[in-house]
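S.K.: 3D model of this:
(chains A, B, C and D)
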There are 2 protein chains.
Amino acid sequence: MAGKREQNREQNRLALIGAVLDSVAEKGISETSVSEIIQRAGLSRGMIHLHFGGKENLVQAAAHHSSEEYYDGLEALLQTAGDSPQERIEMIVRGDLSERVLNRRNVNIWYAFRGESRNRTAIAEHSDTRDGRLRGMIHNAFSRIVREAETPDASGAARDATHGTLALLEGMWTDFLLHPDRFDREEAARIIFRFLAAMFPAHFALSGAIRPQQEKGAAPAAPEASDS
Amino acid sequence: MAGKREQNREQNRLALIGAVLDSVAEKGISETSVSEIIQRAGLSRGMIHLHFGGKENLVQAAAHHSSEEYYDGLEALLQTAGDSPQERIEMIVRGDLSERVLNRRNVNIWYAFRGESRNRTAIAEHSDTRDGRLRGMIHNAFSRIVREAETPDASGAARDATHGTLALLEGMWTDFLLHPDRFDREEAARIIFRFLAAMFPAHFALSGAIRPQQEKGAAPAAPEASDS
DNA sequence: GGTTTTGATGGACGATTGTCCATTTTTAAT
DNA sequence: ATTAAAAATGGACAATCGTCCATCAAAACC
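M.R.: I've put the predicted structure just below:
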């Protein structure tokens, strides 16, 4: 019953948001003008003001939307993971490095917004939200690992492991941003697990699936389906 | 000697570059207009076209300048470091996290340029150059460490340690970008060394001042039934 | 001191920016 | 079928963008 009226309305809202994200991913923020947006969305000039009250709010909504998409993808993956903390961490790491989450489009959008987040308050939240939610997921898992392991200074160890894992993931994203061609997802995951295995050998040494053989075997480079 | 003519010329060139960097750090790239730049530099409108041929080239020169500054700072620090590879790595890490290098101004500039680097070729080089040079420094040190330690698969270990350390540093920078207030340099360094100590206990265990907890006790009997 | 040379100035210029509204079109209600 | 309401249109508009050049000021040379 949604009403054709409201249905179209929402559809156009999403078209505008999608157009912003496409343009930001492809041309960058500075070249994402109102003209560019409405052309991509195939809508008229006034729609931005009508639906969002201005370009600024639209960009903010697009940032929020992108953030939600990122989390939906990650949490969907997490639901398919087992209950053990090491399984959850492994799923988070592999999910965060998977092609669905870590691809040219998302990385470009993410870093474009970050670069401008200084001024745009609402966009900074976008990054903060991600950080906060992801941190919570990882920290929960490490807390359990550390508790089981009866580590001295458990809370500190969990905190440091969380902070370190997040930093590693961030670094890998940056790596992908700067070298999308030569980026290797398997290598990125292997390195993270190598660090984790060194810190928690009982939990990650085997599950990490670290292959000692890293002769630069002609691993079939990921197809790298750079969209857009 | 220098000629008052040429002296002023160079001085104005630098004033323009400095104005761009100040503006980018403070207001972001999108708000760094020609008017903004010449106002900060206290020069006339035509200077940009005269000295750089256009705004685009000026911004590019500013990115290059910022990159050089970063490296000068880091290499100056490195000269005061000892010869041992662990000393050099520790100096790089602490230098990269020091207030002289990692501060709001630099981080804002760095990420602002990164966010737009997709389009601006020359700015992408700026990031690449940093990456290439820094990677070389770190990799050299790890190669020596790994060689001394007679690690199996030495080259792979050095490569992974380099990649991981770089990713950790990048992640810490991102952390600073998003939370400059609550960022803790000591904590960041401690976490990195904690990871390194876990990987190379003989080299970093003591200098890190944190005892790695990886030594499993006599009665570890992992409570986890599944693969540990 | 006069002349040449070059750096520096600031306004003119067309292009493009984002906002806003009078108008038209479409859907829902009567 | 008619009316009321809402959504969509596209152009007008002032403001701002970056470029460029005619003009001016001053350092360098003779």
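S.K.: I'd like to know which elements the least confident helix or strand in chain A by mean pLDDT is packed against.
M.R.: Lowest on mean pLDDT, DSSP states H and E among the helices and strands of chain A sits helix A:121-149, with a mean of 83. Applying 3 or more Cβ pairs under 8 Å, 6 or more residues apart in numbering or on different chains; DSSP states H and E, one finds that helix A:121-149 contacts helix A:55-79, helix A:85-96, helix A:104-116, helix A:154-178, helix A:201-204, helix B:154-178. All C-beta atoms are positioned from the backbone trio N, CA, C, and that covers glycine.
S.K.: Tell me which of those sits nearest to DNA strand D.
M.R.: helix A:55-79 (12.2 Å; Cβ to the nearest atom of the strand).
S.K.: do the closest one and DNA strand C meet?
M.R.: Yes - counting by Cβ under 7 Å from any atom of the strand, DNA strand C is contacted by helix A:55-79 at A:55-56.
S.K.: So which bits of that helix are buried?
M.R.: A:58-67, A:70-71, A:73-74, A:77 (16 or more other Cβ atoms under 10 Å in any protein chain shown).
S.K.: quick check, it touching DNA strand D?
M.R.: No - between helix A:55-79 and DNA strand D, judged by Cβ under 7 Å from any atom of the strand, nothing touches; the nearest distance is 12.2 Å.
S.K.: and that helix, what's its mean pLDDT?
M.R.: Across helix A:55-79, the average pLDDT comes to 92.
S.K.: Need the contact partners of it.
M.R.: For helix A:55-79, contacts defined as Cβ atoms under 8 Å, 6 or more residues apart in numbering or on different chains pick out A:16-17, A:20-21, A:24, A:29, A:32, A:34, A:37, A:48, A:51-52, A:88, A:91-92, A:95-96, A:98, A:100-101, A:106, A:109-110, A:113, A:120, A:122-123, A:126-127, A:129-130, A:133-134, A:137.
S.K.: among these, which ones are buried?
M.R.: A:16-17, A:20-21, A:24, A:29, A:32, A:37, A:48, A:51-52, A:88, A:91-92, A:95-96, A:98, A:101, A:106, A:109-110, A:113, A:120, A:123, A:126-127, A:130, A:134, A:137.
S.K.: orientation of the least confident helix or strand of chain A relative to helix B:154-178 in degrees?
M.R.: Here helix A:121-149 runs at an angle of 130 degrees relative to helix B:154-178 (axes from the mean of the first three to the mean of the last three Cα atoms, to 10 degrees).
S.K.: Which positions in stretch A:177-186 come out as buried?
M.R.: So, applying 16+ other Cβ under 10 Å, buried residues of stretch A:177-186: A:177-178, A:183-185.
S.K.: and chain B, which of these reach it?
M.R.: A:177-178 (Cβ under 8 Å from any Cβ of the partner chain).
S.K.: give me every residue that touches the closest residue to A:Ala167 other than its chain neighbours.
M.R.: Closest residue to A:Ala167 apart from its sequence neighbours, by Cβ to Cβ, 6 or more residues apart in numbering or on different chains: B:Gly171 at 2.6 Å. Counting by Cβ under 8 Å, 6+ apart, B:Gly171 touches A:166-171, A:174.
S.K.: Enumerate the positions of stretch A:155-172 that are buried.
M.R.: Going by 16+ other Cβ under 10 Å, stretch A:155-172 has these buried residues: A:156-172.
S.K.: residue contacts, the closest residue to A:Ile138 other than its chain neighbours?
M.R.: Spatial nearest neighbour of A:Ile138, excluding adjacent residues (Cβ to Cβ, 6+ apart): A:Thr162 at 4.9 Å. Going by Cβ under 8 Å, 6+ apart, A:Thr162 touches A:135, A:138-139, A:142.
S.K.: Which residue is the nearest non-sequential neighbour of A:Leu102?
M.R.: A:Phe176 (5.9 Å).
S.K.: With A:Arg147 instead?
M.R.: Per Cβ to Cβ, 6+ apart, closest to A:Arg147 is A:Ala154, 6.1 Å.
S.K.: Contact partners for that neighbour?
M.R.: A:143, A:146-147.
S.K.: mind putting those in CSV, neighbour count included?
M.R.: Formatted as CSV, these follow (neighbours: other Cβ atoms under 10 Å in any protein chain shown):
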residue, neighbour count
A:Ser143, 18
A:Val146, 24
A:Arg147, 15
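S.K.: quick check, nearest of these to B:Ser44?
M.R.: A:Ser143 (60.6 Å; Cβ to Cβ).
S.K.: got a list of what that closest one touches?
M.R.: A:85, A:154-155, A:158.
S.K.: Intersect the contacts of A:Ala154 with the contacts of DNA strand C.
M.R.: Of those, not one also sits near DNA strand C (Cβ under 7 Å from any atom of the strand).
S.K.: any idea how far A:Arg5 is from the residue of chain A found nearest DNA strand D?
M.R.: The nearest approach of chain A to DNA strand D comes at A:Gly46, 2.0 Å away (Cβ to the nearest atom of the strand). Taken as Cβ to Cβ, to the nearest Å, the spacing of A:Gly46 relative to A:Arg5 amounts to 18 Å.
S.K.: so where's chain A uncertain?
M.R.: Residues of chain A that meet the criterion pLDDT under 70 lie in A:1-2, A:119, A:129-130, A:205-228.
S.K.: Get me the contact residues on it for DNA strand C.
M.R.: A:3-5, A:8, A:32-36, A:45-46, A:48-50, A:53-56.
S.K.: Recalculate using a threshold of 10 Å.
M.R.: A:1-9, A:29-39, A:44-50, A:52-59 (Cβ under 10 Å from any atom of the strand).
S.K.: Out of those, list just those in helices.
M.R.: Residues of those located in helices (DSSP state H): A:4-9, A:34-39, A:47-50, A:52, A:55-59.
S.K.: hang on, isn't the residue nearest to A:Leu102 packed against A:Glu99?
M.R.: No - look at A:Phe176 against A:Glu99 with Cβ atoms under 8 Å: they stay out of range, at 10.7 Å.
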